[in-house]
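Chemist: A predicted structure for the sequence below; I have some questions about it.
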Amino acid sequence: MNIFDQLSSHQWEYFASYYLGSQGYTVLEPPSVGPDQGKDLIAQLDNVTYLVSCKHFSRSQRPVYAGDECSILDRLIQHGAQKFIGFYSTCGSVSLSESLEADGVEYVIFDGLSIFENMMDVSFSVHQSLFREIRVVRAKTFGQEYRPLLCQCGCGSDILGSALSSSVYLALGEKGVNVEWRLDNHIDCSHNLIVTISDVENCFSLNSLNKIIDEHERILESASEVSPLFDEMYTTFLEVVHQMIYPVD
Ligand SMILES: [Zn+2]
């Protein structure tokens, strides 16, 4: 599964401009709307002007061939650009490299893998606005070691990676209020008084996570007894959930 599959071709172009910005480029012309004679973006770095061609073939999982990039030399001249950037969600084919070299074009190819490896440089708001499909949240750890959040019933299910819905809630145990997280159908309502219950998926957005934390804090303030393990448990929960929001530094 490719994290880029969730983007449309147009979103891919927007993402390219944000990404290049995060890599030090100045994007002079933002993504154009509609048919565009092969021009996607114009960017600059160190006084060099680049023609940036964005190709988003991750769903068809094929590389960009020489035939996909028509008359690059003409396009460079037309836009006063000195170098070419291929911004591809898959990769450039050998035929493309050969064609560029035969034409004497100086070029840089950003392929899906290298883009993915540097995605931590892209601002948080871009991640939040473009990459929000739950089924790819694992990929948001960007290659860092992934920590599962195991259902507390002891079944061993990772509630972050599960397709089943799961919840986080405050429960009143023998030692006071504590935090619990479980798959929804593993919540045992008979033993604990569930003080509040929130969908774990809501914790993947910083806004809604903060609302949940606020709500928990209000309840804690009025609780007569809080479990001595509460702080440690809550920290664990936030740390693990946080990897779904933004990579850990
Ligand atoms: Zn369970």
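Modeler: Nice, thanks for sending it over.

Chemist: Next to the ion, which bits of the protein? Give me the list.
Modeler: 151, 153, 155, 183, 186 (C-beta under 5 Å from the ion). Any C-beta I mention is one placed from the backbone N, CA and C, and that applies to glycine too.

Chemist: quick one: the first one and Ser167 touch, right?
Modeler: In this case it means Cys151. No - the pair Cys151 / Ser167 is not scored as a contact, 10.3 Å apart, by C-beta atoms under 8 Å.

Chemist: Gln61: which of the residues of the chain next to the ion is nearest?
Modeler: Distance to Gln61 across the residues of the chain next to the ion (C-beta to C-beta) is lowest for Leu183, with 32.6 Å.

Chemist: Dig out what the closest one forms beta bridges with.
Modeler: The partner list for Leu183 in beta bridges (DSSP bridges) reads Ser166.

Chemist: buried sites along the lengthiest helix in the chain?
Modeler: In the chain, taking DSSP state H as the definition, the longest helix is helix 206-222. Neighbour counts over helix 206-222 (16 or more other C-beta atoms under 10 Å) mark 209, 212, 216, 220 as buried.

Chemist: Quick check, the first one in contact with Phe237.
Modeler: No - under the contact definition of C-beta under 8 Å, Leu209 does not touch Phe237, with a separation of 10.4 Å.

Chemist: ChimeraX command for the buried members of the residues of the chain next to the ion?
Modeler: Buried residues within the residues of the chain next to the ion, by 16+ other C-beta under 10 Å, are selected in ChimeraX with:
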select :151,183,186
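
Chemist: Just the ones of the residues of the chain next to the ion in strands?
Modeler: Leu183 (DSSP state E).
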